[in-house]
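> attaching a predicted model along with its sequence, questions to come.
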Amino acid sequence: MKFIQKTDPMEYLEGQEQINSDIMQRVLEAANSVEFDKFNATDVEHALSKDNLNLNDLQALLSPVAANYLEEMVAKAKATKERYFGKNIYLFTPQYIANHCDNNCVYCGFNVNNDIKRAQLDEDDIIKELKNIAKTGLKEILILTGESQTKTPLSYIAKACKLAKRYFDIVGVEIYPLNSDEYAILHASGVDFVTVFQETYNPIKYGKIHLGGNKRVFPYRFNAQERALMGGMRGVAFGALLGIDDWRCDAMCTALHASLIQAKYPHAEISISVPRLRPIINNNRINPRDVTECALLQVIAAYRLFLPYANITLSSRESEYFRDNVIALGVTKVSAGVSVGIGEHGGKDDENKGDGQFEISDSRDVEQMKNAIKNAGLTPVMSDYIYTGVAK
Amino acid sequence: MDKLNLGGKLFDSRFIMGSGKFDPELISACIDEAKTQIITLAIRRVNQDQNASITKFIPKNITLLPNTSGARDANEALRIARLGKELGCGDMIKIEVIRDSKFLLPDNYETLKAIELLASNGFIPLAYMMPDLVVARDMVNAGAAAIMPLAAPIGSNKGLSNKDMIQILIDEIELPIIVDAGIGRPSQACEAMEMGCAAVMANTAIATAGDIRVMARAFGKAVEAGRDAYLAKLGRVQNKASASSPLTGFLGQ
């Protein structure tokens, strides 16, 4: 039986914390009023001449006419990245510990209705994977699950993070949104970075593609980063899944969201990811449509110029060729040795325990990525971070 | 001889290299071309496996000046400093306490607390700070061994934006004043040294140059020239012409 639970995506569910914040309202107002076609060459040139860009400048750089200035945008993005980050490129890898999900999101391989092999790693499995990943030299790990509070409750995730902290300097999570006190529990378990993708900032489209589950609640997801910071996290990551809706508007909202969080929480370390839709098991028709590689590069350059101090992560969703060329042009972090299946780091004798969320495009291991970074004249960095909390 | 005294240790070079834009070529260029003797080092960059550690690229005869980069308050600074000591970085440490991830400006209030805390725990703290005379005096009283004001936001290459405030620190504070961020050109480094700064620190200006080695050399020379000019004492500045052969020279006694 298909699981459909249509409710108002703007209404909170019981137990979901509501916080005092006007950031969502400000982002949605910007989304409603922006007209990308109104920008002209002068607007783009003006934005490119500035050090500190405002919202209008960001919109100009994401506009259609800015595509004519891609070379200049990218050149400035490269120089800006080098000013703030030097030649450093940080490496990390995601570790999927479960793929159970309570949500019905039409574009996602984990969605509750999709017929895939489900799995969840137990403590021994997790340790085995962590050890294998640590052997590659990586120091940063991102723990991921599907979004199932029932199958993968907070206690399970917190335990996995404590285990991860034994082997890695930096532990981040990309899991279902939590209340601030729950984020505090994860922080005490060694986690300092939280990634939540809003997928699309268009609430109407959001409601149409998130048919059921807690993820359907747009504002609860939107305020996740703020609750994470309230829970003591050091940094938060943002991302729109480019290709779901108007990529220009979603990119603009992502950057504005991040900048407003930055202004309200000056200590927060901000990171942005630039995922595009990827094919999933049982649905190869899902693709990023009009988000071409040119468009993606325009987004990366606009992010870099609007938020020069933010990390920008380029995932293995993108091709080897694209990643090799883009790592020098504004991004600061790339994934390596990626396996999106459950249990795939367990060793060559292990069978894949659970299917992946999407198909990756670049499957190079850590050594290969390090070499690619060096070949681009850059320096691979595993970690430059000290956890000052106490993992309990 | 004119030496830089930092925490009781003497140096011939007054050009300090930052290592935040970590690149082996950058480090070797600054040592070979600019004759750098001190390289600052974020302890958070040391805490890695042996192959990846930045220290692998820094020769043993170079003095490492560790910093507390990554600390957001005094307690975190102490925690990082202690970690550095365990890693063999010694007692002298540059205090960096930053609670602003956008402009990376130092928090003078927390930095002052960190100076106090680290000094009382046996460290020799150097204070990276916004140039503010009142706070600098408090930092001196709290046990700082040097005051390190920023010339402009880190990585900005904007030069001596805070020139007047830095001059006041030079004139009023007896500890070494070391310009620590924002210097973008050799001429700006030279100017800072002419003003009386004890040393200049740079990183981005060299790291982002077209030719890293040549720029490192230019910085080394500029810092030396500025120091020589300071020691030679600059001539006065006047609003009217002053002929080198005076018109009244014909007058007798």
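Cool, got the structure.
> every contact and neighbour count from this point should use C-alpha atoms.
Noted.
> excluding covalently adjacent residues, which one is nearest to residue A:365?
Nearest residue to residue A:365 in three dimensions, chain neighbours excluded: residue A:337, at 3.9 Å (C-alpha to C-alpha, 6 or more residues apart in numbering or on different chains).
> gap between that neighbour and residue A:308?
According to C-alpha to C-alpha, to the nearest Å, residue A:337 stands 27 Å off from residue A:308.
> near chain A, which residues of chain B show up?
B:20-23, B:44-49, B:52, B:70, B:72, B:76, B:79-80, B:98-103, B:155-156, B:204, B:207-208 (C-alpha under 8 Å from any C-alpha of the partner chain).
> for PyMOL, write a command that selects the buried ones of those.
To isolate the buried members of the residues of chain B next to chain A in PyMOL, using 16 or more other C-alpha atoms under 10 Å in any protein chain shown:
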select buried, chain B and resi 20+21+22+23+44+45+46+47+48+52+70+72+76+79+80+98+99+100+101+102+155+156+204+207+208
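> what's the local residue count around residue A:55?
16 (other C-alpha atoms under 10 Å in any protein chain shown).
> residues near the closest residue to it other than its chain neighbours, how many?
Leaving aside its sequence neighbours, residue A:55 sits nearest to residue A:256 (C-alpha to C-alpha, 6+ apart; 7.2 Å). Residues near residue A:256, counting by other C-alpha under 10 Å, number 25.
> in a helix, residue A:256, correct?
Yes: according to DSSP: H, G, I helix; E, B strand; the rest coil, residue A:256 belongs to a helix.
> so it makes contact with residue A:27?
Yes: Residue A:256 lies in contact with residue A:27 (C-alpha atoms under 8 Å); the separation is 6.5 Å.
> sorry, back to before: residues in contact with the residue nearest to residue A:365?
Residue A:337 sits next to A:93, A:363, A:364, A:365, A:366 when contact means C-alpha atoms under 8 Å, 6 or more residues apart in numbering or on different chains.
> just those: which has the poorest pLDDT?
pLDDT across the contacts of residue A:337 is lowest for residue A:363, at 83.
> low-confidence ranges in the chain?
In the absence of a named chain, this looks at chain A. Judged against pLDDT under 70, the low-scoring parts of chain A cover residues A:1-5, A:346-352, A:390-392.
> actually it's chain B I care about, not the one you picked
Using pLDDT under 70, the flagged stretches of chain B are B:22, B:47-54, B:252-253.
> helices along that one, start to end?
Using DSSP state H, the helices of chain B run over B:24-32, B:43-46, B:74-86, B:108-120, B:133-142, B:163-172, B:186-195, B:204-207, B:212-232.
> deepest of those, which one?
Among the helices of chain B, ranked by average contacts under mean count of other C-alpha atoms under 10 Å in any protein chain shown, first place goes to helix B:204-207 (a mean of 26).
> got the CA coordinates for the longest strand anywhere in chain A in CSV?
Looking across chain A with DSSP state E, the single longest strand is strand A:88-96. The C-alpha trace of strand A:88-96 is given here as CSV (Å, rounded to 0.1, in the frame of the first residue of the first chain):
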residue,chain,number,x,y,z
ASN,A,88,43.7,24.3,0.7
ILE,A,89,41.0,21.8,-0.4
TYR,A,90,39.4,19.8,2.5
LEU,A,91,38.5,16.2,2.1
PHE,A,92,35.8,14.2,3.8
THR,A,93,33.6,11.2,3.2
PRO,A,94,30.0,10.5,4.0
GLN,A,95,29.1,7.3,5.9
TYR,A,96,25.6,6.1,5.5
